[in-house]
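A.B. asks: with the input below, show me the fold.
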Amino acid sequence: MVKSTDGSTVYIRVHDQSGKEYICPLDALKDPKDCTEEELKNCLDFASEAFTDEEVMAIIKSEFHKD
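C.D. replies: Numbers count the residues shown, from 1 in each chain. Below is the predicted model:
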């Protein structure tokens with residue numbers, strides 16, 4: 001995981017195709033051109049297809065509280 005100079009995880013803001021904004025660890029991002037067919041098959045265009053807003057917020061909060 002990419003860490004800042006103080007040891008905390010580096011996050012980046014991302015938007016799904018509907019414009020909904022999320023944050024995720026920087027090293028979780030991957031260029032679609034570098035993905036396998038299997039990875040692309042499991043890729044969603046809209047985060048809302050997989051999670052509710054409450055679930056996304058719970059995931060984000062749990063990432064911030066990891067040691």
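A.B. asks: neighbouring contacts of stretch 33-53?
C.D. replies: By Cβ atoms under 8 Å, 6 or more residues apart in numbering, the surrounding residues in contact with stretch 33-53 are 16-18, 20, 22, 30, 32, 56, 59. For glycine as for every other residue, the C-beta is placed from the backbone atoms N, C-alpha and C.
A.B. asks: can you pull up the most central residue in the chain?
C.D. replies: residue 24 (3.5 Å; Cα atoms, centre = their mean).
A.B. asks: just the contacts of stretch 33-53: which are in strands?
C.D. replies: residue 22 (DSSP state E).
A.B. asks: shaky segments in this protein?
C.D. replies: Within the chain, the stretches with pLDDT under 70 are 1-2, 47-49, 63-67.
A.B. asks: can you pull out the strands in it?
C.D. replies: Counting by DSSP E, the strands of the chain are 11-15, 21-25.
A.B. asks: now the first one: buried residues?
C.D. replies: Applying a neighbour-count criterion of 16 or more other Cβ atoms under 10 Å, the buried positions in strand 11-15 are residue 11.
A.B. asks: can you say which of the contacts of stretch 33-53 are buried?
C.D. replies: Judged by 16+ other Cβ under 10 Å, buried ones among those: 22, 56.
A.B. asks: turn the contacts of stretch 33-53 into a markdown table, columns for distance to residue 44.
C.D. replies: A markdown table is the format used below for those (distance: Cβ to Cβ, whole Å):
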| residue | distance to residue 44 |
| --- | --- |
| 16 | 8 |
| 17 | 9 |
| 18 | 11 |
| 20 | 12 |
| 22 | 12 |
| 30 | 14 |
| 32 | 12 |
| 56 | 12 |
| 59 | 14 |
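A.B. asks: so what's the nearest residue to the residue nearest to the centre of the chain once chain neighbours are set aside up against?
C.D. replies: Nearest residue to residue 24, sequence neighbours excluded (Cβ to Cβ, 6 or more residues apart in numbering): residue 14, at 5.9 Å. By Cβ under 8 Å, 6+ apart, the contact set of residue 14 is 21-24, 29.
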